[in-house]
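Asks: Give me the fold of what follows.
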Amino acid sequence: MTVCSFRKHSWQIPQNWKGFTNLFSQLYHCDELAIGTSSVLDTPPSPFAPVFQSKSKAHMVLRAKRANSFLEEIKPPSKERECVEEVCNFEEAREIFQTQEATVSPALTHIRSASDGNQCEPDFCVNGTCVDQFQSFVCKCRPGFDGKFCDQPRNCSKDNGDCDHVCMDSVDELSRTCACLPGYSLQDNSRTSTYACGQLPVTKSSDNKAFKTLQPWLVGGEVGKKGESPWQVLILNERGNLHCGGALIAESWVLTAAHCLERSTKVSHFALLSEAVIHPDYDTVTVDNDIALLHLASPVQFSTFIVPVCLPSRRLAEQVLHRNGTMTVVTGWGKEDENKKYFSSALNFIKVPLVERGLCSQVMLNNISENVLCAGWLGTRHDACEGDSGGPMVTRYRGTWFLIGLVSWGEGCGHPEKLGIYTKVSNYLEWIRSVQKGSERP
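Replies: Got it, this is the predicted structure:
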């Protein structure tokens, strides 16, 4: 006597059914099949019952020939054939659901989890929601972001649109286009720009890294290496003595402070001046709009030690470079102490963070206009000083050095309760372009 078990029922096969014993022993015990047999064989069959059953009832107990045989793949998809007659895996399930999206729907999450784990752990979606898939994942990005990991802004409102230099919004602000400053070219990823201005080729040497060993501020700062500020310009007076600093922004143009040009000057080392243009709104009393352009009589030849600094777009400056706490570098040959008689014989570097306007207004006696940046370390004697005026304040963003300020004024030198004031260059970009274009006219 053979005993057969079907989940709910257990019954005996008579001896005269012995020929069928091997046949029953080949049954497959999957859930759907067990449930089906328990309803058909709800009562033990009589030994005298007919041996033959209808095809539909017989197939609920006895398995037909497996389907994954010759030309099986050309048949229409069937849940019974793909996931009962064959091993149920992602490939077979996709034949049923037709698309990958339907196959990986939430209803099948427990199947995926058991086979390949949660692909969203850890979650790589920076600005979106991770959707687990079979051996993969998809990031559903929040509005305004794009990319596989939702890490690329669609417009310019955040991080300059992930552009190195210039970001331009579309009319509907749902997309953006990156562009480069003059002299640069856009790389294949449509975001980054190749070398031109604002680079330090001399620092490729391992023992000559820019600004790594510098102490904050020019007063008491360290001497820099040759080539670490290749845009720095030295402005001399008629007697050949140090008068001010400047920043080379193009082969024929230098930016400096307007108060440096209250007396006639000339540019040494590069070329003589063709013209000097002071901003029309420069105020000699408040020193507001303290900026001027020097047009060189002949262009300089760029080299390892002569490189222009980059001017940022206004959007990049205001949204990224002008953030409170941004670390900047200021260079100059100015005095190391206000009581000293002589200027420094070497170019000094300083590191100084930008300070919010509210705090700056509290510690400074003079008015802080919208045309300046404030920077410094309160509680120290470190400060810019006489002779540093007009010199560049630069900051590095994505491998490029941008000019954001010019040394303008301060209340003494090295006073621990005071900060330094710098002309905000981004407020004058249109004026700079207009002057440059005007000089090109015959």
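
Asks: And the helices in this protein?
Replies: Here the chain has its helices, by DSSP state H, at 21-25, 31-40, 55-61, 79-80, 90-97, 100-103, 109-116, 314-316, 357-363, 429-440.

Asks: ok, of those helices, where does mean pLDDT dip lowest?
Replies: Among these, helix 31-40 carries the lowest mean pLDDT, a mean of 37.

Asks: Helix or strand with the lowest mean pLDDT in this protein?
Replies: In the chain, no helix or strand scores lower on mean pLDDT, DSSP states H and E than helix 31-40, which sits at a mean of 37.

Asks: Please determine how far residue 407 is located from residue 276.
Replies: Note on residue 407: its distance to residue 276, by Cβ to Cβ, to the nearest Å, is 18 Å. C-beta: built from backbone N, CA, C; applies to glycine.

Asks: higher neighbour count, these two?
Replies: Neighbour count, other Cβ atoms under 10 Å: between residue 407 and residue 276, residue 407 has more, with 29 against 18.

Asks: Just confirm residue 233 contacts residue 246, I think it does.
Replies: Yes. Using Cβ atoms under 8 Å, residue 233 is in contact with residue 246, at 3.5 Å.

Asks: Which of these two has more residues huddled nearby?
Replies: Taking neighbours as other Cβ under 10 Å, residue 233 and residue 246 compare with residue 246 leading, 28 against 25.

Asks: how close does that one get to residue 389?
Replies: In this view, residue 246 and residue 389 are 10 Å apart by Cβ to Cβ.

Asks: Identify the contacts common to these two.
Replies: Counting by Cβ atoms under 8 Å, 6 or more residues apart in numbering, the common neighbours of residue 246 and residue 389 are 256, 260.

Asks: quick check: mean pLDDT across the top strand by length along the chain?
Replies: The residue-count maximum for a strand in the chain (DSSP state E) belongs to strand 400-410. Strand 400-410 comes out with an average pLDDT of 93.

Asks: what number of residues lie near residue 353?
Replies: By other Cβ under 10 Å, neighbour count at residue 353 equals 15.

Asks: How about the contacts made by it?
Replies: Counting by Cβ under 8 Å, 6+ apart, residue 353 touches 325-328, 375-377.

Asks: With residue 404 instead?
Replies: Residue 404 makes contacts with 312, 317, 321-322, 328, 373, 393-395, 422, 424-426, as judged by Cβ under 8 Å, 6+ apart.

Asks: Determine the number of other residues adjacent to residue 398.
Replies: Per other Cβ under 10 Å, the neighbour tally for residue 398 reads 14.

Asks: Tell me which residues touch the nearest residue to it once chain neighbours are set aside, please.
Replies: Counting by Cβ to Cβ, 6 or more residues apart in numbering, residue 164 is the residue found nearest to residue 398 once chain neighbours are left out, at 5.0 Å. The contact partners of residue 164, taken as Cβ under 8 Å, 6+ apart, are 178, 180, 191-193, 397-400.

Asks: nearest to residue 308, of these?
Replies: Of all the contacts of residue 164, residue 400 has the smallest distance to residue 308: 11.5 Å, by Cβ to Cβ.

Asks: Mind listing the residues bridging to the closest one?
Replies: Beta bridges link residue 400 to residue 397, judged by DSSP bridges.

Asks: need the contact list for it.
Replies: 164-165, 193, 197-199, 310.

Asks: returning to what we had before: what would the contacts of residue 404 look like in CSV with neighbour count, distance to residue 300 and pLDDT?
Replies: Output for the contacts of residue 404, formatted as CSV (neighbours: other Cβ atoms under 10 Å; distance: Cβ to Cβ, whole Å; pLDDT from 0 to 100):
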residue, neighbour count, distance to residue 300, pLDDT
312, 25, 22, 95
317, 24, 25, 96
321, 24, 26, 97
322, 17, 29, 97
328, 21, 25, 94
373, 27, 27, 96
393, 27, 21, 95
394, 25, 18, 96
395, 22, 24, 96
422, 28, 24, 95
424, 23, 26, 98
425, 27, 20, 98
426, 21, 24, 97
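
Asks: I'd like to know how many residues surround the residue lying closest to residue 125 once chain neighbours are set aside.
Replies: Among residues not flanking residue 125 along the chain, residue 139 sits closest, at 3.8 Å (Cβ to Cβ, 6+ apart). By the criterion of other Cβ under 10 Å, residue 139 has 22 neighbours.

Asks: Next up, the contacts around residue 139.
Replies: The contact partners of residue 139, taken as Cβ under 8 Å, 6+ apart, are 124-125, 128-131, 147-150.

Asks: so which pair among these is furthest apart in space?
Replies: The widest separation within the contacts of residue 139 (Cβ to Cβ) is 15.1 Å, between 131 and 147.

Asks: can you give me the strands in the stretch 101-250 of the chain?
Replies: Using DSSP state E, counting those that start in this stretch, the strands of the stretch 101-250 of the chain run over 128-133, 136-141, 145-146, 152-153, 166-169, 176-179, 222-223, 232-236, 242-250.

Asks: and the ones you listed, which is most packed in?
Replies: Among the strands of the stretch 101-250 of the chain, the stretch with the highest mean neighbour count (mean count of other Cβ atoms under 10 Å) is strand 242-250, at a mean of 25.
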